[in-house]
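*Asks:* just the structure for this:
(one chain, ligands or ions: 1)
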Amino acid sequence: MSPTSPITLRAGDSEIIACRFGAHLLSWRHRGQEQLWLSSNADLGGQHPIRGGVPLCFPWFGGAKGGPSHGFARTSLWELTSNDASSGRLQFELSDSPQTRALWPHRFHARMEIQCDTQGLQLELTIENRDNRPWSFTGALHSYFACEDVTQVLLPELTSRPFHDKLSGQEAHFDAGALPIPIDAVVPGLDRVQLDNRIIRNQGNDATVIWNPGQQGAAAMPDITPGHWRHFLCIESAVARSPVTLAPGQRHRLAQRVLPASHEGGH
Ligand SMILES: O=P(O)(O)OC[C@H]1O[C@@H](O)[C@H](O)[C@@H](O)[C@@H]1O
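*Replies:* Prediction:
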């Protein structure tokens, strides 16, 4: 079995496909319709990050001097510890190893739970400090959501909201109307966003990161097929503003729930 061999689970009207490399969710079909975007040019060789689906960023979000972008969780081989069709749940676990300690000198345990049911999708990344002194981390559930044309996407919750614009390095505010593309926005808080007919709820995050590289940015990324940048928007449940510090034995849970709008019940 290769690190990226697909693990498929069906529950109710959902189907998920994941792999042990990165505990990466590659596909989520709800009522027959794909909800995530996976690049047709994604590198599935089990060595490099996979473009699309839901990469996990840990123990840091973004770049780090001398370390891989977005940490090592997305390029580590996780253990599959539960695959339960009756509950629609996959669980993967990862602990520190000589390789991880060479990049980040701390003992940890991470558990990724991916659950689909008739209502939608639940993603939960639980990080535990297994060291004898405190340490800090940042991270994200870096979900790539499929959309028809990102230049036409409207996210009403963003109107007038402040954000940190990573592209300009400035603080800014969103206008009403279509998103500015390219976009690399760290939006404080924001625990609910509606994208088309999906409600995305984030928990345990200090920001929601919204990212699409646009035409020029995507042209520099060999794992994005020309023109395909239009078909996704990353909406990430992230610890991206201030690190979370965990005392020995302490845990933090970073989550994202995605529900078709009809399931949310009145919101
Ligand atoms: O190409 P990567 O390492 O997967 O990162 C993609 C993007 O991920 C986003 O979360 C970051 O905010 C961007 O700055 C980054 O470019």
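
*Asks:* alongside the ligand, which residues does this protein contribute?
*Replies:* Within reach of the ligand by CB under 6 Å from any ligand atom, the chain has these residues: Pro49, Gly62, Ser69, His70, His142, Lys166, Asp184, Val209, Trp211, Glu236. Backbone N, C-alpha and C define where each C-beta goes, glycine included.

*Asks:* now render those residues as a markdown table, adding pLDDT.
*Replies:* Formatted as a markdown table, the residues of the chain next to the ligand follow (pLDDT from 0 to 100):
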| residue | pLDDT |
| --- | --- |
| Pro49 | 98 |
| Gly62 | 96 |
| Ser69 | 97 |
| His70 | 98 |
| His142 | 98 |
| Lys166 | 98 |
| Asp184 | 98 |
| Val209 | 98 |
| Trp211 | 98 |
| Glu236 | 98 |
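
*Asks:* and the residues you listed, which of them are buried?
*Replies:* Buried members of the residues of the chain next to the ligand, scored by 16 or more other CB atoms under 10 Å, are Pro49, Gly62, His70, His142, Asp184, Val209, Trp211, Glu236.

*Asks:* for the second one, helix, strand, or coil?
*Replies:* Right, Gly62. With DSSP: H, G, I helix; E, B strand; the rest coil as the basis, Gly62 sits in coil.

*Asks:* now do the helices in the chain.
*Replies:* 98-103, 214-219 (DSSP state H).

*Asks:* give me the contacts around the first one.
*Replies:* Taking CB atoms under 8 Å, 6 or more residues apart in numbering as the criterion, the residues outside helix 98-103 that touch it are Gly67, Pro68, Phe72, Ser76, Arg107, Phe108.

*Asks:* now those residues in JSON lines, with pLDDT?
*Replies:* Listed next are the contacts of helix 98-103 as JSON lines, based on pLDDT from 0 to 100:
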{"residue": "Gly67", "pLDDT": "91"}
{"residue": "Pro68", "pLDDT": "96"}
{"residue": "Phe72", "pLDDT": "98"}
{"residue": "Ser76", "pLDDT": "98"}
{"residue": "Arg107", "pLDDT": "98"}
{"residue": "Phe108", "pLDDT": "98"}
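
*Asks:* just these now: which is nearest the ligand?
*Replies:* Nearest to the ligand among these, counting by CB to the nearest ligand atom, is Pro68 at 8.2 Å.

*Asks:* burial count for the residue nearest to Trp104 when sequence neighbours are not counted?
*Replies:* Nearest residue to Trp104, sequence neighbours excluded (CB to CB, 6 or more residues apart in numbering): Pro59, at 5.2 Å. Neighbour count for Pro59, taken as other CB atoms under 10 Å: 24.

*Asks:* one more: Asn83?
*Replies:* Look at Asn83: counted by other CB under 10 Å, it has 13 neighbours.

*Asks:* low-confidence regions, this protein specifically.
*Replies:* Along the chain, the model assigns pLDDT under 70 to residues 263-267.

*Asks:* now it against the ligand: closest residue?
*Replies:* Closest to the ligand within the chain is Ser69: 3.7 Å, counting by CB to the nearest ligand atom.

*Asks:* related to what we said a few turns ago, if you go by neighbour count, which of the contacts of helix 98-103 are buried?
*Replies:* By 16+ other CB under 10 Å, the contacts of helix 98-103 give Phe72, Ser76, Arg107, Phe108 as buried.

*Asks:* which ones are touching Gly88?
*Replies:* Contacts for Gly88 (CB under 8 Å, 6+ apart) come out as Leu9, Arg10, Ala11, Gly12, Ser14, Ile16, Gln115, Cys116, Asp117.
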